[in-house]
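Undergrad: Only the shape, not the letters, is given here:
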């Protein structure tokens, strides 16, 4: 019986040979940066906007390849911050990759394990850890400490690297992508003693061994503790390989960003008017390449012509996720998307954990026919289960049960969408999720 969503989706993965035909430059770049072509790629390409999202945010939020040349925030600090983010989010898959990334960019083994860190390293780790749990526990004091050591521009690069990991940690952990043996070999000697394990990411046999007390597989492919080598740091060879593949990657990026307005205000207005999602970061962020990458991601994910599920269902998933994550902005914009796409919701009772920053629950407008398409009820529970970080339950329960989950959620919504509907009338999607 499958234990991860990745196992459920394994037959639908896109072959690496097919990916290399179309995306060879970006695959090669990642291989240079972390020493492996990630197993997540064939899963992400099942949903092409997902693959584009991944390949838009990673180079732009990490300021690649410019950061390799010393432009922007120190690359070792960014690497350490994104590693700390993955460990705080409890994503063992991303923890392995970001550890390798940090070491290759020049972070010391002692900084990675926490044995010894400079004040600047400690400040970056503290902010990364605070931002990487849901709800977050970031405080202005943490931000001020980070800014004591880094310029405003560098601070933004560090924070946006952590923000990028919000997507990667969540996806890789929720799906349970199988970890590559090369990644395990690179980092297990170093971070295994700090509590890292392959966990659910060893389902294809990687790292098979005795289970730990929490039921996860113990770290496999370890040496005898002597003479293990860390991943190599950047060299002239690294730079040459990066710049050999950069032109092809840039061509793909330009294709994915084609047609976006150039100015920040015009960019924000375009996304809000065309797709119904008003994102203030498109005008407030200082780095132009991050703004444009974010706008392109929103466009690809909110374009109804590219969606298999439909934007109406995506809006409901966003509402469920934002409600439990306590994200008022995402909640409001998901509500706007829902209304724009024929799903009417209005404020009802406060959520059980209502606070000034936590949005209120929703219920359907009586002007909309009651009931939701029945297939939607299977899409909502993962949003609820994924709304905490680290996540509290394996989302594979949804696949195994093949029935409606009864986790408490707190929304009532109805849809004017066509298709099969549940027969119970108005549906409490928070209870259904």
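TA: Perfect, thanks for sending it. Computed from a predicted structure; not experimentally measured.
Undergrad: quick one: residue 174 is in a helix?
TA: Yes - the assignment for residue 174 is a helix, going by DSSP: H, G, I helix; E, B strand; the rest coil.
Undergrad: shouldn't it be in contact with residue 4?
TA: No - between residue 174 and residue 4 there is no contact under CB atoms under 8 Å: 9.1 Å. Glycine gets a C-beta too; all of them are placed from N, C-alpha and C.
Undergrad: And the two? Which one has more around it.
TA: residue 4 (23 against 19; other CB atoms under 10 Å).
Undergrad: Once you drop chain neighbours, what's closest to that one?
TA: residue 176 (2.8 Å; CB to CB, 6 or more residues apart in numbering).
Undergrad: Could you report the neighbour count for that neighbour?
TA: Quick note: residue 176 (other CB under 10 Å) scores 26 neighbours.
Undergrad: Next, it: phi, psi?
TA: phi 80, psi 40 (degrees, to the nearest 10).
Undergrad: next one: the one 5 residues further on
TA: Here the main-chain torsion angles of residue 181 (degrees, to the nearest 10) amount to phi -60, psi -40.
Undergrad: which residues in the stretch 251-400 of the chain form helices?
TA: Remark: helices assigned in the stretch 251-400 of the chain by DSSP state H, counting those that start in this stretch are 264-275, 281-284, 288-302, 311-325, 328-340, 380-385, 396-401.
Undergrad: contacting residues around the first one?
TA: The reference is to helix 264-275. 260-261, 277-280, 282-283, 288, 291-292, 295, 298-299, 302-303 (CB atoms under 8 Å, 6 or more residues apart in numbering).
Undergrad: buried set for stretch 2-9?
TA: Neighbour-count burial for stretch 2-9, counted by 16 or more other CB atoms under 10 Å, picks out 4, 5, 6, 7, 8, 9.
Undergrad: scratch that, stretch 91-111 is what I was asking about
TA: Buried residues in stretch 91-111 (16+ other CB under 10 Å): 91-105, 107-108, 111.
Undergrad: list the contacts for residue 27?
TA: 19, 20, 37, 41 are the contacts of residue 27 under CB under 8 Å, 6+ apart.
Undergrad: Could I get the contacting residues of the second one?
TA: What it means is residue 20. Applying CB under 8 Å, 6+ apart, one finds that residue 20 lies in contact with residue 27.
Undergrad: do the first one as well
TA: For residue 19, the residues meeting the contact criterion (CB under 8 Å, 6+ apart) are 27, 41, 42, 45.
Undergrad: Relative to residue 337, how far out is it?
TA: Distance, residue 19 to residue 337, using CB to CB, to the nearest Å: 30 Å.
Undergrad: From residue 238, how far out is residue 244?
TA: Distance of residue 244 to residue 238, given as CB to CB: 11 Å.
Undergrad: Who has more neighbours out of those two?
TA: Between residue 244 and residue 238, residue 238 has the larger neighbour count (other CB under 10 Å), namely 17 against 13.
Undergrad: Let me know the pLDDT of that one.
TA: With respect to pLDDT, residue 238 scores 95.
Undergrad: Can you point out the helix or strand that includes the closest residue to it other than its chain neighbours?
TA: Excluding the flanking residues, the one nearest residue 238 by CB to CB, 6+ apart is residue 32, at 6.2 Å. Assigned by DSSP states H and E, residue 32 falls within helix 16-34.
Undergrad: mean confidence score for that helix?
TA: Helix 16-34 comes out at a mean pLDDT of 95.
Undergrad: farthest-separated two in the contacts of helix 264-275?
TA: 288 and 303 (22.4 Å; CB to CB).
Undergrad: and the helix or strand that the helix holding residue 32 is followed by, what other elements does it pack with?
TA: Note on helix 16-34: by DSSP H and E, the next helix or strand toward the C-terminus is helix 40-44. Judged by 3 or more CB pairs under 8 Å, 6 or more residues apart in numbering; DSSP states H and E, helix 40-44 is in contact with helix 16-34, helix 48-61, helix 152-175.
Undergrad: Run through the neighbouring helices and strands of the second one.
TA: The helices and strands touching helix 48-61, judged by 3+ CB pairs under 8 Å, 6+ apart, are helix 16-34, helix 40-44, helix 152-175, helix 236-257, helix 288-302.
Undergrad: Quick one: distance of the helix or strand following that helix to the chain centre.
TA: The first helix or strand that comes after helix 48-61 along the chain, using DSSP H and E, is helix 75-89. How far helix 75-89 lies from its chain's middle: 14 Å, per CA atoms, centre = their mean, to the nearest Å.
Undergrad: And the average pLDDT for helix 75-89 is what?
TA: Helix 75-89 shows a mean pLDDT of 97.
Undergrad: next structured bit after that helix?
TA: Taking DSSP H and E, what comes next after helix 75-89 is helix 92-104.
Undergrad: the inter-axis angle of that following helix versus helix 152-175?
TA: 150 degrees (axes from the mean of the first three to the mean of the last three CA atoms, to 10 degrees).
Undergrad: what packs against helix 92-104?
TA: Using 3+ CB pairs under 8 Å, 6+ apart, helix 92-104 sits against helix 16-34, helix 75-89, helix 109-113, helix 152-175, helix 181-191.
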